[in-house]
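J.: have a look; sequence and predicted model below, questions after that.
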Amino acid sequence: MKKWGFLIVLLVCGCVVFINYGSIFEPKVDINVEVVEYENAKVEDSGTADNTQKIKITKEQIYQGNLLLVNSEYPVRKEGVKSDVVNLFKRNELVKGYGVLYNDTYLSEDIALEFSEMIAAAEKDGVDNFWITSGYRSFDEQKELYQEMGSNAALPAGYSEHNLGLSLDVGTTQTTMAKAPEGEWIENNAWKFGFILRYPEDKSDITGIQYEPWHIRYVGLPHSAIMKKKNFVLEEYLDYLEENKNVSAKVEGKNYTVSYYPFSENMTIDIPKDKEYVISGDNMGGVIVTVYE
C-alpha cells in the first residue's frame, strides 16, 4: 500500500506560516536515554489495600490511547480520536521552529507541544528546516483523499493513523526526507521524545505500508525507547507486550513498568497509589498499563 508523500516548495500561495521566536517551551536537549529491560517483571505492589487503588477498565478503553494499532485489520474507532485536535495555523503559540504548509493543518494540542520540544532539540543540533505537511484528518477528509488519490496513494477512511490525531507527516524545503538531514535526525532521535518512525524501510512486510520517512507517530515514553532498542514497529511491540505481559524499563532515570491485560467484563487493575500511570488500549482487545515514578 502506498501513500501520498510531499516535497515542500517555498512560497506556497500565502498558505505557509513560519514562526521562530523565543521558545515558550523547556526543550529536552542533550538528553541521554538509557533503557534497561527486564522481561516478565511485575508491577510492584505493597501487598496492602491501603497502598493500592483499584482501577476499573471499560470496554471503550480498548479503543482509546496512544498505543492504538491502526492498519488494514484494525480501523480507528470514533472513541479513539484525540479530543484536543486544533488548527495549528490559528494557534501560533503551538508552532515553534517549523513551518505549516496548509492553513487547515490540524493536530492534537498535546502532540503539537511534544513535537515542538523535539524540534527545539533538533535545532540545537543544527537541523532546523522542518515543515508539517499533514496532521489530523477527519473521516470525511480521508474518504475524499482516498477517492481522489486511489488505493495506491491513500488509505480508506478509518484505516489511516491520520484519523487519530497522533500522527503527522513532516517535510523539508531542501529535498526528500529520505535524503534530508531532517529525515536522518528524526530516524535517530525522535524516539527520545515519544515519537516513532511508523513505516521504516525494512518493515513494510509487517506494516503493509511502503517506506515513509516523513510519517511519524506519537506513542510516548517508554514505548518509543523500547521499540527503538529492539527495532520494533508498533505491530511487533504490541505482540511483544502480549507475549511477555510485563516489561520494565529505565529511561532517563525514570522507572517504568508496562503491563498488558486482555480485556474482560468487570475488569479492575491494582495500581500502587504512590505511582503515576497511563492506560492505553491496543485497538485489538487488550489494554496496556504503564506505571512510572
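T.: Looks like it came in fine.
J.: okay, and the helix or strand of this protein with the least pLDDT?
T.: When each helix and strand of the chain is scored by mean pLDDT, DSSP states H and E, strand 17-18 comes last, with a mean of 33.
J.: please parse the chain into its domains.
T.: 34-67+231-293, 76-218 (automatic domain parsing).
J.: contact partners of the helix or strand containing residue 227?
T.: Following DSSP states H and E, one finds residue 227 within helix 223-230. Residues external to helix 223-230 that are found in contact with it (Cβ atoms under 8 Å, 6 or more residues apart in numbering): 33, 35, 37, 66-67, 190-196, 219, 232-234, 236-237, 240, 247, 249, 251, 258, 290. Bear in mind the C-beta positions are built from the backbone N, C-alpha and C, glycine included.
J.: in helices, which of the residues you listed fall?
T.: Counted as lying in helices by DSSP state H, out of the contacts of helix 223-230, are 234, 236-237, 240.
J.: now restrict the residues you listed to buried residues only.
T.: Burial by neighbour count, judged by 16 or more other Cβ atoms under 10 Å, picks out 234, 237, 240 from the ones in helices among the contacts of helix 223-230.
J.: might you report the residue contacts of the first one?
T.: Right, the one you point to is residue 234. Applying Cβ under 8 Å, 6+ apart, we find residue 234 in contact with 67, 69, 196, 198, 207, 217, 219, 227.
J.: can you rerun that using 10 Å?
T.: 67-71, 161, 196, 198-199, 203, 206-207, 217, 219, 223, 227, 282 (Cβ atoms under 10 Å, 6 or more residues apart in numbering).
J.: next, work out how far apart the nearest residue to residue 161 once chain neighbours are set aside and residue 142 are.
T.: Counting by Cβ to Cβ, 6 or more residues apart in numbering, residue 161 lies nearest to residue 167, which is 3.9 Å off, once chain neighbours are set aside. Distance, residue 167 to residue 142, using Cβ to Cβ, to the nearest Å: 12 Å.
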